[in-house]
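Student: got a sequence here, can you model it:
(one chain, ligands or ions: 1)
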Amino acid sequence: MRPIYLDNNATTRADPAVVAEMLPYFSEQFGNASSAHAFGSEVAGAVRQARRHLQALLGASFDHEIVFTSGGTEADNTAILSALDNPDGRDEIVTTAVEHPAILALTEHLAASRGVRTHLIGVDSRGRLDMESYSRALGPRTAIVSVMWANNETGTLFPVRQLAEMAHGAGALFHSDAVQAVGKIPLDLKTTEIDMLSLSGHKLHGPKGIGALYLRKGTPFNPLVRGGPQERRRRGGTENVPAIVGLGKAAELAAARIDEEQIRIRALRDRLERGILQIGHCFALGDTEYRLPNTCNIAFEHLEGEAILHHLNRAGIAASLGSACASGSMEPSHVLRAMDVPPAALRGAIRFSLSRETGIDDVVTVLNVLPEIIARLRASSPSWQARAPVAAIPSRSTELTL
Ligand code: PLP
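Tutor: Predicted coordinates:
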């Protein structure tokens, strides 16, 4: 049986057209984009073209900047550190309890090493931001607000336009980690006040190890990687041209297909989710109204997600526990803990994330295989035998300070 890959929030397969576009830049077009001869100028043109494709996909004006980075993590780190390095004495960060480790590990490090104060805004049981805490956390010391566009584990979308306006009202910069949103839903940055935005190639059928930081024109900026004059002195180091060209092609493909793809993928995701929920004693996590079209995260009560994944894997189906970055650790995901998912369901959450490569046959196969896996695991689970009904998820409003 053909393997079924439903872990596209972890990474996607590079589109064959992306790979084809990249190949000449390893051989014939090997020049350095900074060189002042034909080898260099051809390559510099390809890098410019990739920037244009990204600006078009983001709905950004052509005078807004795209700085190529080694991926989403570097773009996130660059945005936060750049904003803290300011002359106006603003030294606090406002972010959420459900960000990717690319933000949270950095804020923890900054708290420990420099005493930087971070306000971690909590979410409710559906993963929606606590707007009151957010509003209260903003103040004259806020240097930067960073809120993800879409959560990688549940797909929940955050109201980043409104959040950016509120951040500006407090005189702070606004950054969004849009690594999971770019290429999946249309973004129209021209109509927002967002100052900085991170994206990553391998989440949109581009190559790994390449990403970008979008910078609104005039946003104060301090480079993270210092060196040569590349990227208009925004990031030192010879450009990874094949990867940049690949990311540009991935953006071009996504922009051409996004409207039609998001409808098709949402319909498949909904069909998958409806079918799974019929198994019973399981529920969908996150804001099921406002979420990415490709993601569903289902909590199976009184079961271990690891065991479900293992059996799915044996049946040739790849899904994920929470996020790829958390797998390997037995700790329940920080996102689901922030949502106060009840303990009896916390360990049984499985994320299915679809892509343009997912077909109806894949969904049908999962729906044929999964009920039996769940029934078998329940039959051998002492905690299922002794189960008490799982209480409704309580709502909570929180703000933690690091
Ligand atoms: N931010 C989010 C929301 C992500 O999902 C990921 C990757 O999983 C990253 C950042 C990190 O991106 P990269 O793997 O390109 O460093």
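Student: now the closest residue to Arg387 other than its chain neighbours: phi and psi?
Tutor: Among residues not flanking Arg387 along the chain, His302 sits closest, at 4.8 Å (Cβ to Cβ, 6 or more residues apart in numbering). C-beta here means a position set from N, CA and C on the backbone, and glycine is covered the same way. His302 adopts backbone torsions of phi 60, psi 20, taken as degrees, to the nearest 10.
Student: I figured His302 hits Ala388, correct?
Tutor: No - using Cβ atoms under 8 Å, His302 is not in contact with Ala388, being 9.3 Å away.
Student: where do the contact lists of these two overlap?
Tutor: Shared contacts of His302 and Ala388, defined by Cβ atoms under 8 Å, 6 or more residues apart in numbering, are found at Ala344.
Student: looking at these two, which is more packed in?
Tutor: Per other Cβ atoms under 10 Å, whichever of His302 and Ala388 has more neighbours is His302, with 20 against 9.
Student: now that one: how far from the ligand?
Tutor: Noted for His302: a distance of 28 Å to the ligand, by Cβ to the nearest ligand atom, to the nearest Å.
Student: the nearest residue to Ile308 once chain neighbours are set aside and Phe283, how far apart?
Tutor: Computed as Cβ to Cβ, 6+ apart, the closest residue to Ile308 that is not its neighbour in sequence is Ile350, at 5.6 Å. Counting by Cβ to Cβ, to the nearest Å, the separation of Ile350 from Phe283 is 12 Å.
Student: which neighbours do the two have in common?
Tutor: Residues touching both Ile350 and Phe283 by Cβ under 8 Å, 6+ apart: Ile298.
Student: for these two, indicate the residue with more neighbours.
Tutor: A direct count of neighbours by other Cβ under 10 Å for Ile350 and Phe283 places Ile350 higher, at 24 against 19.
Student: partners of that one in the sheet?
Tutor: Each beta-bridge partner of Ile350 is listed here: Ile298, as defined by DSSP bridges.
Student: you'd agree it is up against Asn313?
Tutor: No - with contact defined as Cβ under 8 Å, Ile350 does not count as touching Asn313 (11.5 Å).
Student: which secondary structure state is assigned to Ile103?
Tutor: Classification of Ile103 into helix, strand or coil gives helix, according to DSSP: H, G, I helix; E, B strand; the rest coil.
Student: check the offset of the lengthiest helix in the chain from the chain's centre.
Tutor: Across the chain, the helix with the greatest residue count (assigned by DSSP state H) is helix 241-277. Averaging C-alpha positions (Cα atoms, centre = their mean, to the nearest Å) puts helix 241-277 14 Å from its chain's average.
Student: before we move on, the earlier item: report the contact partners of the residue nearest to Ile308.
Tutor: Contacts of Ile350 were listed using Cβ under 8 Å, 6+ apart, and they are 297-298, 300, 305, 308-309, 312, 319-321.
Student: tell me where the stretch 151-300 of the chain has helices.
Tutor: Along the stretch 151-300 of the chain, the segments classed as helices by DSSP state H, counting those that start in this stretch run 160-169, 230-233, 241-277.
Student: residues near the spatially closest residue to Asp177 that is not a sequence neighbour, how many?
Tutor: With Cβ to Cβ, 6+ apart as the criterion, Asp177 has its nearest non-adjacent residue at 4.3 Å, and that residue is Met148. For Met148, the neighbour count with other Cβ under 10 Å is 26.
Student: does Leu120 sit in a helix, a strand or a coil?
Tutor: Leu120 carries the three-state label strand when classified by three-state DSSP.
Student: against the ligand, how distant is it?
Tutor: Look at Leu120 and the ligand: by Cβ to the nearest ligand atom, they are 16 Å apart.
Student: now find how far off-centre the host helix or strand of Ala56 is within its chain.
Tutor: For Ala56, the host element (DSSP states H and E) is helix 38-58. If you compare the mean C-alpha spot of helix 38-58 with that of the full chain, they lie 24 Å apart, counting by Cα atoms, centre = their mean.
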